[in-house]
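Peer 1: need a 3D model of the sequence below.
(2 chains)
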Amino acid sequence: EAQVTQNPRYLITVTGKKLTVTCSQNMNHEYMSWYRQDPGLGLRQIYYSMNVEVTDKGDVPEGYKVSRKEKRNFPLILESPSPNQTSLYFCASSGQGSYEQYFGPGTRLTVT
Amino acid sequence: SQQGEEDPQALSIQEGENATMNCSYKTSINNLQWYRQNSGRGLVHLILIRSNEREKHSGRLRVTLDTSKKSSSLLITASRAADTASYFCATDLTNTNAGKSTFGDGTTLTVKP
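Peer 2: As a prediction, this is how the structure comes out:
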């Protein structure tokens, strides 16, 4: 089954404790993205990747890092999480020439 | 501010009625997409319309695009309770890297049985 998976689905952590949210897709897609969703603000793109080792900033990259060492994986790293990063995070992927994005189920992160 | 802005923010209708939601954007686009999100879940792609297209249909969905007004509308005909969800437009801008997408704030649709 074609899918995008994210782990963990729920995470409660404390300020400053480094964390990684994993994202994996099994569709051999070139493009992958991370979004955060906050009430009243819609979805905002954090980072995106066009292929292995090629990434670029989205609209709200501050406080986040990403890497794309393998085509199927695109982890989101929060080196020093802060409470304003409490949000619902989505990973998405799409294939070359297709703008249709497939979304993961989301990761609900709370930073206290 | 966001590239795409949906209108209205919330819409409540009776089952069987049509639902229309609108999206406006600010700069030139390659294409515009509509997505659906059931409460707190991942978004699901509904339909894509390219900048050189004016109308597109998919089942009970009809999307129009007016590039002169920088706006799009999504019409859901004969709505069902299962259509209750949030709907988002997303634009892929010209003169930016492929992969860069901008979503609007969404319209929350409630269809009453």
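
Peer 1: show me what from chain B comes close to chain A.
Peer 2: B:2, B:30-31, B:33, B:35, B:40-45, B:48, B:88, B:90, B:92, B:97-106 (Cβ under 8 Å from any Cβ of the partner chain). From N, CA and C alone the C-beta is placed, and that goes for glycine too.

Peer 1: the longest strand seen in chain A pairs with which strands, and in what direction?
Peer 2: The longest strand of chain A (DSSP state E) is strand A:42-51. Here strand A:42-51 has these sheet partners by DSSP bridges: strand A:31-38 (antiparallel), strand A:54-57 (antiparallel).

Peer 1: single out the most deeply packed of these.
Peer 2: Of the strands paired with strand A:42-51, the one with the most neighbours on average (mean count of other Cβ atoms under 10 Å in any protein chain shown) is strand A:31-38, at a mean of 24.

Peer 1: quick revisit: what's the ChimeraX syntax to select whichever of the residues of chain B next to chain A are buried?
Peer 2: Only the buried members of the residues of chain B next to chain A enter the following ChimeraX selection, criterion being 16 or more other Cβ atoms under 10 Å in any protein chain shown:
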select /B:2,31,33,35,41,42,43,45,48,88,90,92,99,100,101,102,103,104,105,106
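
Peer 1: just checking, which helix or strand of chain B averages the lowest pLDDT?
Peer 2: strand B:5-7 (a mean of 83; mean pLDDT, DSSP states H and E).

Peer 1: other SSEs contacting it?
Peer 2: Where contact means 3 or more Cβ pairs under 8 Å, 6 or more residues apart in numbering or on different chains; DSSP states H and E, strand B:5-7 is packed against strand B:19-24, strand B:85-93.

Peer 1: many thanks, I have nothing further to ask.
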